[in-house]
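Undergrad: sequence and predicted model, in that order:
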Amino acid sequence: MQKIERKPLFDLGQLVATPGALAALEKSGQSPMEFLTRHVTGDWGAIPKEDRKENQFSLEKGFRLLSSYRTTANDLVWVITEASRSHTTLLLPDEY
């Protein structure tokens with residue numbers, strides 16, 4: 001079966017991660033790129049339907065984008081790309 005490549009939908013800008021997010025990724029053994037790739041290709045993870053609609057609107061209008069993912073260790077990690085597309089941050093919800 002051939003793997004389908006999804007193209008990036010926007011620029012991530014500078015990549016930043018908080019200490020909590022880095023610890024959660026280390027704990028799970030997962031790479032930040034796994035979540036960044038999902039985010040930049042429009043897989044917003046476990047967010048409500050309303051937030052998915054908001055992300056689509058934000059993608060079209062150039063506003064902030066938010067994704068939410070669970071690591072294999074069950075930690076919640078957010079990925080936020082600012083409206084300016086100048087940077088993208090991986091963080092834990094309580095670090096927001």
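TA: Everything's here; your move.
Undergrad: residue 15 reaches residue 36, doesn't it?
TA: Yes: using CB atoms under 8 Å, residue 15 is in contact with residue 36, at 7.0 Å. Glycine gets a C-beta too; all of them are placed from N, C-alpha and C.
Undergrad: have a look at those two and say which one is more surrounded.
TA: When residue 15 and residue 36 are compared for neighbours, residue 36 comes out ahead with 19 against 14, by other CB atoms under 10 Å.
Undergrad: what sits against the nearest residue to residue 71 once chain neighbours are set aside?
TA: Among residues not flanking residue 71 along the chain, residue 28 sits closest, at 3.8 Å (CB to CB, 6 or more residues apart in numbering). Residues near residue 28 by CB atoms under 8 Å, 6 or more residues apart in numbering: 71, 72, 73, 75.
Undergrad: contacts for stretch 84-96?
TA: 10-18, 20-22, 24-25, 32, 35-36, 39, 62, 68, 75-82.
Undergrad: what do you get if the cut-off is 7 Å, keeping everything else the same?
TA: By CB atoms under 7 Å, 6 or more residues apart in numbering, the list of residues contacting stretch 84-96 from outside reads 10-18, 20-21, 24, 32, 35-36, 76-81.
Undergrad: next SSE downstream of the host helix or strand of residue 51?
TA: In the assignment (DSSP states H and E), residue 51 maps to helix 49-61. Downstream of helix 49-61, the next assigned helix or strand under DSSP H and E is strand 65-70.
Undergrad: can you give me the mean pLDDT across that following strand?
TA: Mean per-residue pLDDT for strand 65-70: 98.
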